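J.: okay, here's the prediction I keep looking at, along with the sequence it came from:
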Amino acid sequence: MPARTVYLDHSATTPTDPRVVEAMLPYFSDVYGNPSSAHRFGRDAENAVETARETVARILNCQPSEIVFTSCGSESDNLAMRGAGWTARQQGRGLHLVTTPLEHPAVGKTVQQMADLMGFERTIISVDKTGVVDVEDFANACRPGTTVASVMYANNEVGSIQPIPQLAALAHERGAWFHTDAVQAAGQLTLDVQKLGVDMLSLSAHKFYGPKGVGALYVRNGIELVPSQSGGSHEAGRRSGTHNTPLIVGLAKALAIAYDEFDAYTTHYCQMRDSLIDGVLNRVPGSQLTGHPVNRLPSHASFVFDGVDGNALLMHLDLKGVAASSASACKTGNPEPSGVLLALGYDRQTAGSSLRLTVGRQTTTEDVDYAVQTLVEAVEKVRRLNREIV
């Protein structure tokens, strides 16, 4: 057994806050009615769902009617892209989609499928070495017939934050709807949709200390989505499926905690992140920070290393009790290098050496010190083994 365990993979998932678990518990057993039922049991559950919707709307600075509850961030992304794209096609507005090479597969693969199988066109715009969108390229890509543009608020692999208000305004000038995947940003950056200027925004509860299996999608009033999941007319006809009352309550409670205690949490994240970055760059030869050096998520540190295989590094860290990711959690164990890092201009070998370390509420200075020391030893060991094999 390792001497210490340190969890530094909060971008993959976070532990559910005990206050969130407590808030959810009655809705598994005591308030168990179907929110669509007309009797008292159903009305009690419906009241919980609608109260949660009001809480989310308050934090996003929007109307409760603009919140759609889903099963996860991926479903929210899928519903936004397909639903808005199909609606625009029905309205004869066009078939052109704009996105980036940095998107989560829930956006990237959905857009690819729409292009391959549904007759849509797509433009994938360029990004710079730090993972920030080229604004001029984005503006040029949004042409007549562009219906939906989607740019991730903050990247899950390198942590870079995009100029969302500027991009949304440019999309609107060209008659396009703008969606942002804010799954990583929630709890760490503002979600005020009026300030961001977005038309659609995706969330996932387990990224901000809520339960897995529940998400939300903000859809600005006036945008009609063709549902990608058919059935009963739940969520004002935008998404079918019985409401998961306990998890919806948990999402709202977790989001409320994250923003009620926002300043304390983000200050802590930044302190732990900066200590981690300084320790790695100063103590690990041949290390390089990926993503934007300043304009990045408060909790997020990501690196590449000379002469190191990222998956081998993960294994050595895990043996010493340090939980981390190579690129995104969705790609861990995949021998292929990160497509995000390739888009940033790294060669395949360097992109294959990626490591993501993301801090959380419970991360301590001692955790960071242990992780850095363990990383120093692990990098040296992997390099030594590589030399012996050669």
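T.: Received it, and whenever you're ready, just let me know what you need.

J.: tell me which residues in stretch 337-350 are buried?
T.: Within stretch 337-350, the residues that count as buried by 16 or more other Cβ atoms under 10 Å are Pro337, Ser338, Gly339, Val340, Leu341, Leu342, Ala343, Leu344, Tyr346, Thr350. To be clear about C-beta, it is placed using only N, CA and C from the backbone, and glycine gets the same treatment.

J.: oh sorry, the question was meant for stretch 282-293
T.: Val284, Ser287, Leu289, Thr290, Gly291, His292.

J.: mind telling me the two of these farthest from one another?
T.: Greatest spatial distance among the buried residues of stretch 282-293 (Cβ to Cβ): Val284 and His292, at 20.1 Å.

J.: quote the end-to-end distance of stretch 360-370.
T.: End-to-end distance for stretch 360-370: 15 Å, by Cα to Cα, to the nearest Å.

J.: and stretch 213-222, by the same measure?
T.: First-to-last residue span, stretch 213-222, Cα to Cα: 28 Å.

J.: list the buried residues in it.
T.: So, applying 16+ other Cβ under 10 Å, buried residues of stretch 213-222: Gly213, Val214, Gly215, Ala216, Leu217, Tyr218, Val219, Arg220.

J.: contact partners of that stretch?
T.: For stretch 213-222, the external contacting residues (Cβ atoms under 8 Å, 6 or more residues apart in numbering) are 56, 60, 62-63, 65-76, 79-80, 183, 193, 198-206, 225, 238-239, 244, 247-248, 250-251.

J.: try 7 Å this time
T.: Applying Cβ atoms under 7 Å, 6 or more residues apart in numbering, the contact partners of stretch 213-222 are 56, 60, 62-63, 65-73, 75-76, 79-80, 193, 199-205, 225, 238, 244, 247-248, 250-251.

J.: what's the mean pLDDT across the longest helix along the chain?
T.: Counting residues, the longest helix in the chain under DSSP state H turns out to be helix 365-389. Helix 365-389 comes out with an average pLDDT of 92.

J.: from the contacts of stretch 213-222, which land in helices?
T.: Using DSSP H, the contacts of stretch 213-222 in helices are Val56, Leu60, Gly73, Glu75, Ser76, Leu79, Ala80, Val193, Leu247, Ile248, Gly250, Leu251.

J.: make JSON lines out of these and add pLDDT and distance to Ala324.
T.: As requested, these are exported to JSON lines (pLDDT from 0 to 100; distance: Cβ to Cβ, whole Å):
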{"residue": "Val56", "pLDDT": "98", "distance to Ala324": "31"}
{"residue": "Leu60", "pLDDT": "98", "distance to Ala324": "31"}
{"residue": "Gly73", "pLDDT": "96", "distance to Ala324": "21"}
{"residue": "Glu75", "pLDDT": "96", "distance to Ala324": "27"}
{"residue": "Ser76", "pLDDT": "97", "distance to Ala324": "26"}
{"residue": "Leu79", "pLDDT": "96", "distance to Ala324": "31"}
{"residue": "Ala80", "pLDDT": "97", "distance to Ala324": "30"}
{"residue": "Val193", "pLDDT": "98", "distance to Ala324": "32"}
{"residue": "Leu247", "pLDDT": "98", "distance to Ala324": "27"}
{"residue": "Ile248", "pLDDT": "98", "distance to Ala324": "31"}
{"residue": "Gly250", "pLDDT": "98", "distance to Ala324": "26"}
{"residue": "Leu251", "pLDDT": "98", "distance to Ala324": "26"}
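
J.: mind checking which of those residues are buried?
T.: Among the ones in helices among the contacts of stretch 213-222, those buried by neighbour count (16+ other Cβ under 10 Å) are Val56, Leu60, Gly73, Glu75, Ser76, Leu79, Ala80, Val193, Leu247, Ile248, Gly250, Leu251.

J.: pLDDT weak spots in the stretch 151-300 of the chain?
T.: Applying pLDDT under 70 to the stretch 151-300 of the chain flags residues 232.

J.: mind listing the strands for it?
T.: Using DSSP state E, counting those that start in this stretch, the strands of the stretch 151-300 of the chain run over 177-181, 200-204, 215-219, 287-289, 300-305.

J.: who does the shortest one touch, helix- and strand-wise?
T.: With contacts defined as 3 or more Cβ pairs under 7 Å, 6 or more residues apart in numbering; DSSP states H and E, strand 287-289 has these neighbours: helix 262-283, strand 300-305.

J.: most tightly surrounded among those?
T.: For these, average neighbour numbers computed from mean count of other Cβ atoms under 10 Å are highest in strand 300-305, which has a mean of 27.
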